[in-house]
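[1] dropping the sequence and predicted coords here.
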Amino acid sequence: QMAVLHIDECAISPAPEEERAAFQDAVRTALGDYTRGAVSIVPLAAAMRDPSAASVTETDADCEERLRQWLSSASTLTAREDLIAALRQQLIVDFAREHGHEVVFLCGNATSLAIRVLASVGKGRGASLPVDVALRSNGGTPALGLSYVRPMREVTAAETALYMRFAGRLQFPVLRAVTTGTDLTSSIDRLTEGFVCDLQSRFPSTVHKILRACD
């Protein structure tokens with residue numbers, strides 16, 4: 001049976017409890033209307049839970065505080081973005097294995113994957129890119145027994161936004177992210193995003209050419 005996983009990153013930029021609850025309700029309602037699968041919302045801070053700690057002594061607030069400490073210890077915004085991405089991936093793997101799923105569908109579109117390609121090259125991590133952005137792969141970790149599928153790989157962010165607007169699908173509320181309010185030179189990912197999006201606006205085949213080169 002299909003399951004839909006949303007990773008709640010509200011703890012990154014603390015918001016009032018009422019705002020967080022409203023956001024989670026909106027996400028659950030939107031996803032519930034769109035899919036027949038069970039919807040699960042897992043906080044990013046769950047990745048910080050200590051397996052050796054007794055559940056009665058470690059609270060969600062403890063995990064969120066530990067997450068914020070980790071993020072604050074990162075010296076650059078690039079490092080914080082990489083940490084969040086790693087924790088997010090860990091939660092996806094843990095959720096899939098815990099619930100017995102062998103195939104994971106990821107939501108990355110052509111634009112975000114093209115940005116990831118160039119940003120990873122800039123960070124010196126280009127070796128794993130063919131696996132990281134392939135339409136279907138084992139994520140470079142065949143021992144986990146998971147297959148990753150990227151059904152949005154050929155669809156750009158602009159095309160997705162237009163579809164959502166004209167079809168009236170999935171109206172999500174927006175909360176602050178770790179990069180909200182930062183300039184384009186604040187991290188490698190932000191700089192690459194600005195570069196790719198600028199090229200894409202002038203040369204509409206940019207993101208697809210980047211992905212073809214990666215293949």
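    Happy to help now that I have it.
[2] C-alpha only now, for contacts and for neighbours.
    Will do.
[3] hey, where'd the helices end up in this protein?
    Taking DSSP state H, the helices of the chain run over residues 17-34, 60-73, 77-98, 110-122, 129-132, 157-167, 188-202, 206-214.
[4] buried deepest among those helices, which one?
    For these, the largest average neighbour count (mean count of other CA atoms under 10 Å) is found in helix 110-122, namely a mean of 21.
[5] what is the mean pLDDT for that one?
    Averaged across helix 110-122, pLDDT comes to 94.
[6] which residues sit against it?
    Helix 110-122 has contacts (CA atoms under 8 Å, 6 or more residues apart in numbering) with 126, 129, 133, 152-157, 188-189, 192-193, 196-197, 207-208, 210-211, 214.
[7] any stretches of the protein with poor pLDDT?
    Filtered on pLDDT under 70, the chain yields the residue ranges 14, 33-34, 53-56, 140, 143, 169-175.
[8] same thing but 90
    Along the chain, segments meeting pLDDT under 90 span 1-4, 6, 8-41, 49-64, 107, 124-134, 137-146, 160-185, 213-215.
[9] contact partners for residue 40?
    Residue 40 neighbours (CA under 8 Å, 6+ apart): 3-6, 28.
[10] likewise residue 176?
    Going by CA under 8 Å, 6+ apart, residue 176 touches 10, 13.
[11] give me that answer again for 10 Å
    Each residue near residue 176 by CA atoms under 10 Å, 6 or more residues apart in numbering is listed here: 9-15.
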